[in-house]
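**Q** predicted model and sequence below, questions to follow.
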Amino acid sequence: MRRKQVKELYEKLLSLSVNEKRIVISTGRYIGEGFDDERLGR
């Protein structure tokens, strides 16, 4: 994925409501790459 695409997806994830359920799936290349979302730890 291009940097712009990654940024757009990240912004979409951040815009989700705290009460919305989410599933995040990542390939080996992107696992743990600066992705911090405190809502996933709840």
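**A** Now that the structure is in, tell me what you want to look at. Numbering: from 1, shown residues only.
**Q** low pLDDT regions in the chain?
**A** Residues of the chain meeting the criterion pLDDT under 70: 30-37, 39-42.
**Q** if we use 90, what do you get?
**A** 1-2, 6-7, 9-42 (pLDDT under 90).
**Q** now the helices for it?
**A** With helices called from DSSP state H, the chain shows them at 3-15.
**Q** tell me the residue furthest from the middle of it?
**A** Using CA atoms, centre = their mean, the residue of the chain lying farthest from its centre is N19. It sits 15.5 Å away.
**Q** that one: what's it in contact with?
**A** Contact analysis of N19 by CB atoms under 8 Å, 6 or more residues apart in numbering lists nothing. Placement of C-beta: from N, CA and C, glycine included.
**Q** how much space between it and L9?
**A** Plainly put, N19 is 20 Å away from L9 if you go by CB to CB, to the nearest Å.
**Q** could you check the distance from E38 over to L14?
**A** With CB to CB as the criterion, E38 and L14 are 11 Å apart.
**Q** again, but for V24
**A** Using CB to CB, V24 is found at 12 Å from L14.
**Q** again, but for E20
**A** 12 Å.
**Q** one more: R22?
**A** Per CB to CB, R22 is found 11 Å from L14.
**Q** just give me the neighbour total for E20.
**A** Neighbourhood size, E20 [other CB atoms under 10 Å]: 8.
**Q** what's near enough to touch it?
**A** So E20 contacts nothing (CB under 8 Å, 6+ apart).
**Q** where's it relative to R2, distance?
**A** Where R2 is concerned, E20 sits at a distance of 26 Å (CB to CB).
**Q** one more: S15?
**A** S15 is 20 Å from R2, by CB to CB.
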